[in-house]
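Q: Structure for this input, please:
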Amino acid sequence: MSFNFGDKIKISIFGKSHSEEIGVTIEGLPTGFKVDEEKLSSFMLRRAPGRDKFSTPRKEADKVEIISHTPLRAIIRNTNRHSSDYDNLKAVPRPGHADFAAYSKYGIDYDMTGGGEFSGRLTAPLCIAGGICKQLLEEKGIHIGAHIASIGNTEDDRFNPVTVNENDFVHEKEFPVINDAKGEEMKKEILTSRSEGNSIGGTVECVITGIPAGVGNTFFGSWESAISSAVFAIPAVKGIEFGLGFESSKLRGNENNDAFIIKNGKVVTETNNHGGILGGIASGMPIVFRVAFKPTPSISKEQKSVSLSKMEEVPLIINGRHDPCIVKRAVPCVEAAAAIVAANIIL
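A: Residues are numbered from 1 along each chain as shown. Model prediction:
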């Protein structure tokens with residue numbers, strides 16, 4: 001099964017969590033564009049599993065192999081599969097997971113080992129495509145960065161929505177937050193959840209800088225529509241907001257409106273509550289959005305479920321290796337989704 005996105009730069013993702021390989025095909029890259037494979041490897045390492053105690057113990061090198069260039073086709077070999085961990089889930093859906101919806105659509109004999117194509121494992125090929133699109137955009141002076149905005153009730157500082165630029169990005173950090181003290185609190189929340197056999201959710205804030213005013217489309221082709229479509233392809237995403245987002249619903253018009261001013265001979269806004277998008281089109285200010293991630297459904301606490309083969313209620317204990325919090329590894333995934341969208345709109 002493959003999954004497709006884009007009209008100018010078309011990507012098609014294929015594979016499953018426990019298939020021999022996963023990968024992506026990318027069509028429409030500009031003639032002469034050359035992928036910096038070392039830079040791509042560094043980007044992929046930010047998403048790779050098994051790097052620290054805050055993610056799944058499943059270790060995968062996530063080495064990208066580019067096997068063709070026209071179109072570009074790249075794969076990652078799955079080398080650390082423990083499929084037997086999922087034997088007790090073949091007809092018992094995990095609460096909060098896609099299992100039941102998948103069984104309802106495809107039947108209980110459908111292979112959902114490791115979550116199948118519903119797994120976060122498929123964000124690896126998404127990041128291949130996004131990492132390549134980021135390189136393409138950077139050649140045009142467009143930069144994308146994200147950070148952990150919150151874990152549970154602990155919140156990081158936010159990017160300055162007016163002045164943020166690539167020098168403010170935190171992707172070089174092992175734990176990508178702006179305020180390191182807040183990051184330490186977040187780590188404690190994650191480890192506490194893990195020790196309890198539980199999981200915890202959070203949010204990611206992302207910015208796109210360097211998009212000129214007037215770029216984009218309205219209605220179904222708006223920046224918000226396109227970014228939301230790509231971001232919701234990331235498993236566990238449950239919400240998105242742009243600019244001030246839901247906070248703007250509490251304000252008066254004069255509080256929410258961004259005054260226009262002239263700065264260095266350009267029309268800009270004094271504040272950026274609109275998140276760099278007006279009427280679906282870029283305003284020239286940084287595009288700012290935040291994404292909400294639910295807690296990982298696979299937890300080791302006993303839960304109530306049902307046996308679909310016996311049609312009876314049963315207790316469920318989930319084995320296997322799972323992230324106590326996916327937000328840290330989701331940061332590059334959000335950047336990747338934004339880059340794929342921006343590349344399609346810019347071209």
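Q: so what's Ile240 bridging to?
A: Val291 (DSSP bridges).
Q: Quick check: the gap between the residue nearest to Glu241 when sequence neighbours are not counted and Leu244.
A: Setting aside the residues directly before and after it, Glu241 is nearest to Arg290 in space (Cβ to Cβ, 6 or more residues apart in numbering), at 5.4 Å. Glycine gets a C-beta too; all of them are placed from N, C-alpha and C. Here the criterion is Cβ to Cβ, to the nearest Å. By it, Arg290 lies 10 Å from Leu244.
Q: thinking again about what came up before, please tell me I have it right and the residue nearest to Glu241 contacts His147.
A: No - between Arg290 and His147 there is no contact under Cβ atoms under 8 Å: 10.3 Å.
Q: Looking only at neighbour counts, state which of those two leads.
A: His147 (25 against 21; other Cβ atoms under 10 Å).
Q: Could you tell me how many residues sit around the nearest residue to Gly280 once chain neighbours are set aside?
A: Of all residues not flanking Gly280 in the chain, Ser222 sits nearest, at 2.6 Å (Cβ to Cβ, 6+ apart). Residues within reach of Ser222, counting by other Cβ under 10 Å, total 18.
Q: What does the pLDDT read for Ser222?
A: The model reports Ser222 with a pLDDT of 97.
Q: now swap in His82 and tell me
A: So His82 comes in at 51 (pLDDT).
Q: Below-threshold pLDDT in this structure: ranges please.
A: 1-2, 50, 56-59, 80-88, 113-114, 320 (pLDDT under 70).
Q: In terms of secondary structure, what does the top helix by length along the chain contact?
A: When the chain is parsed with DSSP state H, its longest helix is helix 327-346. With contacts taken as 3 or more Cβ pairs under 8 Å, 6 or more residues apart in numbering; DSSP states H and E, helix 327-346 sits against helix 123-138, strand 143-151, strand 202-209, helix 223-231, strand 287-293.
Q: Beyond the last one, next helix or strand please.
A: Proceeding N to C from strand 287-293, the next assigned helix or strand is strand 303-307, under DSSP states H and E.
Q: distance between that following strand and the chain's centre?
A: Remark: strand 303-307 is offset 29 Å from the chain centroid, using Cα atoms, centre = their mean, to the nearest Å.
Q: try stretch 122-134
A: Distance of stretch 122-134 from the chain centroid (Cα atoms, centre = their mean) equals 10 Å.
Q: and Leu244, what is it in contact with?
A: 251, 256, 273-275 (Cβ atoms under 8 Å, 6 or more residues apart in numbering).
Q: same thing but at 6 Å, please
A: Applying Cβ atoms under 6 Å, 6 or more residues apart in numbering to Leu244 gives the contacts Asn273.
Q: ok, now Arg46?
A: Per Cβ under 6 Å, 6+ apart, neighbours of Arg46: Pro332.
Q: now it: how far from Ile22?
A: 17 Å.
Q: repeat for Asn167
A: Separation of Asn167 from Ile22 (Cβ to Cβ) stands at 34 Å.
Q: Looking at these two, which has the bigger crowd around it?
A: Ile22 (27 against 7).
Q: and the closest residue to Asp168 other than its chain neighbours, how many neighbours?
A: Nearest in space to Asp168, with sequence neighbours left out and distances taken as Cβ to Cβ, 6+ apart, is Phe159 at 6.1 Å. Other residues lying near Phe159 total 24 when counted by other Cβ under 10 Å.
Q: Was I right to think Phe159 contacts Ile208?
A: No - in this structure, Phe159 is not within contact of Ile208 by Cβ atoms under 6 Å, at 11.1 Å.
Q: returning to that earlier point: Ile178 is nearest to which of the helices and strands packed on helix 327-346?
A: For these, the distance to Ile178 is smallest for strand 143-151, at 5.8 Å, taking Cβ to Cβ.
Q: for that closest one, packing partners?
A: With contacts taken as 3 or more Cβ pairs under 6 Å, 6 or more residues apart in numbering; DSSP states H and E, strand 143-151 sits against strand 202-209, helix 327-346.
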